[in-house]
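J.: Structure here, sequence nowhere to be found:
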């Protein structure tokens, strides 16, 4: 790191002496790049906190970002990146909050004078600020990755509902790719729902599954076998013409498992098995 | 390769993880739609690609897929080449038998994929890897 002790204390002095002016100019400059998507008060407080943490670090031996006394600075920076990432700001908009300090330091310094030393100092400060900026960038990327991982997990939860269709009939509408992780979630949910509702029938609807390959078929077959072991009967519905032809060509056999083209057919099939006749009941109501 | 065969620009996709199998499926579907394959043929090709991509991943230890649109003057089609440098297939005839599996699957992936496409070519050598070329023509 390019900052020696003298430079560190000079920068600390600079930041300390012109504190109010620097914080104000800094917040203004960041506000321009964020185009008013963050309130002035919030920006001010963020920048003030950053400024204070930087001063604390410089006054200790924290001329390096990984030094012990810079711990608070790191915390403030990653908190800033995290909040920007979660609010959907771009990486540039996040890093600019730090890089803006460069211009302001330069401005404040050139008001001072003493050209040669100033230049050397500025190069050193600049390197420090670059380091801060890169750290922000990294924290930002990490926060985004966490966000994506969270969403993937939420999607897994979202996409596997088990719904009750009728008294004693539950259905699982599968949508999208059925990989091993999702197949496991589907199976667990279905089996649990069968126990909870005491349903003797389950319909697995694959209308929303774009391609049924051997792995998908195997997952479905395993789920059906597991449901049967618990005494429930499974019907597979939503088999579109292209899927049917593909399954035949692949040579997958569903054995004695009932399959239907649509969810409605499957429900009708189950209702017939249980002896519920919707039409007859309607007729009785009318008479 | 057939003389006078029109070739489009190949698109490649590495297969290193489970999510790449999904990417291969999406890539193949996009190319198949562009080549004007019927819905049934699209589904068959995508399913075959899914099987072969998973084989490349599970048995070949990962590899690469190359998807190209081809044109033989009368019909358009899609050609997919799967390459891996895994252990190879010692007994090809056995591997192509329905129901034979070494990995706990249904044993229909390779043989099923062959039935799903129009042209199927497999080159394999023990210890050197496997290269599978499949083509599906529009009707």
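T.: Arrived safely, thanks for sending. Bear in mind that the values here come from a model prediction, so they are computed numbers and not experimental data.

J.: residues in contact with whichever residue of chain B sits closest to chain A?
T.: In chain B, the residue that lies nearest chain A is residue B:112 (3.5 Å; CB to the nearest CB). In short, each C-beta sits where N, CA and C put it, glycine included. Going by CB atoms under 8 Å, 6 or more residues apart in numbering or on different chains, residue B:112 touches A:214, A:249-252, B:48, B:51, B:98.

J.: go on, residue A:78?
T.: By CB under 8 Å, 6+ apart, residue A:78 lies in contact with A:135-136, A:139.

J.: Kindly provide the distance from the residue of chain B closest to chain A to residue B:88.
T.: 21 Å (CB to CB, to the nearest Å).

J.: Next, count neighbours for residue A:14.
T.: Counted with other CB atoms under 10 Å in any protein chain shown, residues neighbouring residue A:14 total 18.

J.: In what element of secondary structure is it found?
T.: helix A:5-17 (DSSP states H and E).

J.: Just the buried positions in that helix, please.
T.: A:7-8, A:10-12, A:14-15 (16 or more other CB atoms under 10 Å in any protein chain shown).

J.: Could I get the average pLDDT for it?
T.: Regarding helix A:5-17, the rounded mean pLDDT is 80.

J.: Quick check: which ranges of chain B have low pLDDT?
T.: In the prediction, chain B carries residues with pLDDT under 70 at positions B:1-6.

J.: tell me which parts of it are close to chain A?
T.: By the rule CB under 8 Å from any CB of the partner chain, the part of chain B lying against chain A is B:18, B:22, B:25, B:29, B:39-40, B:42-44, B:46-47, B:50-51, B:54, B:98, B:105-106, B:108-109, B:111-113, B:115-116.

J.: Return the residues of chain A in contact with chain B.
T.: A:177, A:179-180, A:210-215, A:217-218, A:241-243, A:245-246, A:249-252.

J.: just the buried members of these?
T.: When the residues of chain A next to chain B are checked for burial by 16+ other CB under 10 Å, the buried set is A:177, A:179, A:210-215, A:217-218, A:242-243, A:245-246, A:249-252.

J.: So which of those residues are in helices?
T.: Of the positions in those, A:214-215, A:217-218, A:242-243, A:245-246, A:249-250 sit in helices, assigned by DSSP state H.

J.: Pull the contacting residues for residue B:32.
T.: Counted by CB under 8 Å, 6+ apart, residue B:32 has contacts B:41-42, B:45-46, B:78, B:136.

J.: phi, psi of residue B:83?
T.: phi -130, psi 130 (degrees, to the nearest 10).

J.: top helix in chain B by residue count?
T.: Criterion DSSP H: the longest helix present in chain B is helix B:39-58.

J.: which secondary structure elements does it contact?
T.: Helices and strands touching helix B:39-58, as assessed by 3 or more CB pairs under 8 Å, 6 or more residues apart in numbering or on different chains; DSSP states H and E, comprise helix A:214-229, helix A:241-250, strand B:11-15, helix B:18-34, strand B:63-71, strand B:76-84, helix B:109-116, strand B:129-137.

J.: What angle do helix B:39-58 and the second one make with each other?
T.: Helix A:241-250 and helix B:39-58 meet at an angle of 50 degrees, taking axes from the mean of the first three to the mean of the last three CA atoms, to 10 degrees as the criterion.

J.: For helix A:241-250, name the packing helices and strands.
T.: Using 3+ CB pairs under 8 Å, 6+ apart as the contact definition, the elements that helix A:241-250 packs against are helix A:214-229, helix B:39-58, helix B:109-116.

J.: same check, this time on the last one
T.: Helices and strands touching strand B:129-137, by 3+ CB pairs under 8 Å, 6+ apart, are helix B:39-58, strand B:76-84, strand B:119-125.

J.: Adjacent strands (with direction) for it?
T.: Paired strands of strand B:129-137, with direction, are strand B:76-84 (antiparallel), strand B:119-125 (antiparallel) (DSSP bridges).

J.: May I see the ones you listed organised as CSV, with mean neighbour count added?
T.: Output for the strands paired with strand B:129-137, formatted as CSV (neighbours: other CB atoms under 10 Å in any protein chain shown):
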stretch, mean neighbour count
strand B:76-84, 22
strand B:119-125, 15
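
J.: Which one of the residues in chain A is closest to chain B?
T.: Here chain A gets closest to chain B at one residue, residue A:250, 3.5 Å apart by CB to the nearest CB.

J.: Now do the contacts for that residue.
T.: Per CB under 8 Å, 6+ apart, neighbours of residue A:250: A:213-214, A:217, B:47, B:51, B:108, B:112-113, B:115-116.

J.: Which of those sits closest to residue A:188?
T.: Minimum distance to residue A:188 across the contacts of residue A:250 is 19.2 Å, recorded for residue A:217 (CB to CB).

J.: what are the phi and psi angles of residue A:208?
T.: For residue A:208, the backbone dihedrals (degrees, to the nearest 10) come out as phi -90, psi 10.

J.: Number of residues surrounding the nearest residue to it once chain neighbours are set aside?
T.: Leaving out its chain neighbours, the residue that sits closest to residue A:208 by CB to CB, 6 or more residues apart in numbering or on different chains is residue A:175, at 3.3 Å. The local packing of residue A:175 (other CB under 10 Å) involves 16 other residues.

J.: Could you measure from residue A:175 over to residue A:26?
T.: In this view, residue A:175 and residue A:26 are 48 Å apart by CB to CB.

J.: Among the contacts of residue A:250, which one sits closest to residue A:206?
T.: Nearest to residue A:206 among those, with distances taken as CB to CB, is residue A:217, at 9.7 Å.

J.: quick one: contacts for the closest one?
T.: Remark: with contacts taken as CB under 8 Å, 6+ apart, residue A:217 is in contact with A:247, A:250, A:252, B:106.

J.: at 7 Å instead, please
T.: Residues counted as contacts of residue A:217 (CB atoms under 7 Å, 6 or more residues apart in numbering or on different chains) are A:252, B:106.

J.: rewinding a little: can you list contacts of the longest helix of chain B?
T.: Helix B:39-58 is contacted from outside by A:211-215, A:241-243, A:245-246, A:249-250, B:15, B:21, B:24-25, B:28-29, B:32-33, B:37, B:62-63, B:65, B:78, B:80, B:82, B:84, B:103, B:109-110, B:112-113, B:116-117, B:132, B:134, B:136, B:138-139, using CB under 7 Å, 6+ apart.
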